[in-house]
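Peer 1: sequence isn't available, so here's the structure alone:
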């Protein structure tokens, strides 16, 4: 039996990290996404390094945020 209910679909990819990012760092995900959008001219890993060094994010969380933002404009 299959269901068309959207609640049955699991979030995948970078967005799957968003609830954990919000819990861990105490900010809504939009705060992080907007910070990265402002640095859109940087290379991916430079922005990841900045999130880690300036904001204390872990590598996986920083990478997920940057990947999500970069995919918006791809």
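Peer 2: Received it, and whenever you're ready, just let me know what you need. Here the structure is a predicted model, which is why all the values come from computation and not from measurement.
Peer 1: now the protein, which segments are flagged as low pLDDT?
Peer 2: 1-8 (pLDDT under 70).
Peer 1: what about the longest helix along it, distance to the chain center?
Peer 2: Criterion DSSP state H: the longest helix present in the chain is helix 59-73. Chain-centre distance of helix 59-73: 5 Å, with CA atoms, centre = their mean, to the nearest Å.
Peer 1: so for this structure, the centremost residue is which one?
Peer 2: residue 65 (2.2 Å; CA atoms, centre = their mean).
Peer 1: tell me where the protein has helices.
Peer 2: 18-25, 29-37, 44-55, 59-73.
Peer 1: got those helices as CSV, with distance to residue 12 columns?
Peer 2: Using the backbone N, CA and C atoms, a C-beta is placed for each residue, glycine as well. Compiled in CSV, the helices of the chain are given as follows (distance: least, CB to CB, whole Å):
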stretch, distance to residue 12
helix 18-25, 12
helix 29-37, 16
helix 44-55, 20
helix 59-73, 11
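Peer 1: from residue 53, how far off is the residue nearest to the centre of the chain?
Peer 2: According to CB to CB, to the nearest Å, residue 65 stands 14 Å off from residue 53.
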